[in-house]
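**Q** just coords:
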Ligand SMILES: [Zn+2]
């Protein structure tokens, strides 16, 4: 009888052991499953963040009228159309920028400064004349024709490659110092314009450190209208127009 009881006890403990083992295994599986889930979850989160489309920082298109790129490689389209309007002292600009330029000059004057527009819209004929004059100057200095043309192009762009021909650019100088050279940047007028022009939608089109890209010498007097948002964004990112257009593409 004792033997039978003993066998039963052994059997019971054996069965219990098996039950405990099964429970343990199932728990381990659960833990593994949970940990796998946990591992996968954050991965999914990271993936979803990566796949979310990048938010555009600025809502401008390269086809916007105020972002037209005119340079040595981008001639003014033959069918380009715009309306001219006369502002102070007989200067003409694209009618869409009249308010901006008028306000900028008025505010500069309110700040006690004396800006003077020395060039605005130019007819294609004027651009040709200016360019030929510059070539002549270099030839007088002894440059051969081809070299004179290249040197001239750093100052006066070839006809149909100047922003002055579309009325979106103005050369503004200090009335007290009308010479177009680097000294111009030291005038109070230029300091003010460089600091504030973006608030009116203008950029200094040919900055000193972008000559390699613009292919135009530093011109601390040539301002180009691009709109307030674009001008401010470009200022923040320190983009010249060529770089900004690439950025938007
Ligand atoms: Zn200019």
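**A** Alright, I've got the coordinates. Note that the structure is a prediction, hence the values are computed from the model and not measured.
**Q** how about the residues of the chain that lie near the ion?
**A** Within the chain, the positions adjacent to the ion are 171, 222 by CB under 5 Å from the ion. From N, CA and C alone the C-beta is placed, and that goes for glycine too.
**Q** Just the helices from the chain, written as ranges.
**A** Remark: helices assigned in the chain by DSSP state H are 2-51, 98-110, 124-140, 145-153, 188-196, 211-214, 228-237, 241-248.
**Q** Give me the angle between the fourth one and helix 124-140.
**A** An angle of 120 degrees separates the directions of helix 145-153 and helix 124-140 when computed by axes from the mean of the first three to the mean of the last three CA atoms, to 10 degrees.
**Q** Tell me the helices and strands packed up against helix 145-153.
**A** Contact here means 3 or more CB pairs under 8 Å, 6 or more residues apart in numbering; DSSP states H and E; on that basis helix 145-153 packs against helix 124-140.
**Q** List the buried residues for the helix it packs on?
**A** 127, 130-131, 134-135, 138-139 (16 or more other CB atoms under 10 Å).
**Q** Next, format those residues as JSON lines and append pLDDT.
**A** Putting the buried residues of helix 124-140 into JSON lines (pLDDT from 0 to 100) gives the following:
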{"residue": "127", "pLDDT": "89"}
{"residue": "130", "pLDDT": "92"}
{"residue": "131", "pLDDT": "92"}
{"residue": "134", "pLDDT": "94"}
{"residue": "135", "pLDDT": "95"}
{"residue": "138", "pLDDT": "96"}
{"residue": "139", "pLDDT": "97"}
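**Q** Which segments of the chain make up each domain?
**A** If you go by automatic domain parsing, the domain ranges for the chain are 1-52, 65-122+162-248.
**Q** Okay, now the unreliable bits of the protein?
**A** Within the chain, the stretches with pLDDT under 70 are 1-6, 8-56.
**Q** what's the neighbour count on the residue in it that the ion sits nearest to?
**A** When scored by CB to the ion, the chain has residue 222 as its residue closest to the ion, at 3.5 Å. Residues contacting residue 222 under the criterion other CB atoms under 10 Å number 20.
**Q** Same check on residue 217?
**A** A total of 13 residues lie near residue 217 under the criterion other CB under 10 Å.
**Q** so what's it closest to, chain neighbours aside?
**A** Using CB to CB, 6 or more residues apart in numbering and skipping the chain neighbours, the partner closest in space to residue 217 is residue 154 (4.9 Å).
**Q** So the one you found is in contact with residue 216, correct?
**A** Yes: assessed by CB atoms under 8 Å, residue 154 is found in contact with residue 216 at 6.2 Å.
**Q** between the two, who's got more neighbours?
**A** Neighbours per residue (other CB under 10 Å) separate residue 154 from residue 216, with residue 216 holding more: 21 against 16.
**Q** Skip the chain neighbours and tell me the closest residue to the more buried one.
**A** Sequence neighbours aside, residue 206 is the residue nearest to residue 216 in space, at 4.5 Å (criterion: CB to CB, 6+ apart).
**Q** Could you pull up phi and psi at the one you found?
**A** When read as degrees, to the nearest 10, the backbone of residue 206 gives phi -120, psi 80.
**Q** contacting residues for it?
**A** By CB atoms under 8 Å, 6 or more residues apart in numbering, the contact list for residue 206 reads 214, 216-219, 222, 240.
**Q** and what of residue 57?
**A** Residue 57 makes contacts with residue 233, as judged by CB under 8 Å, 6+ apart.
**Q** now residue 113
**A** Here residue 113 is in contact with 174, 188-189, 192 (CB under 8 Å, 6+ apart).
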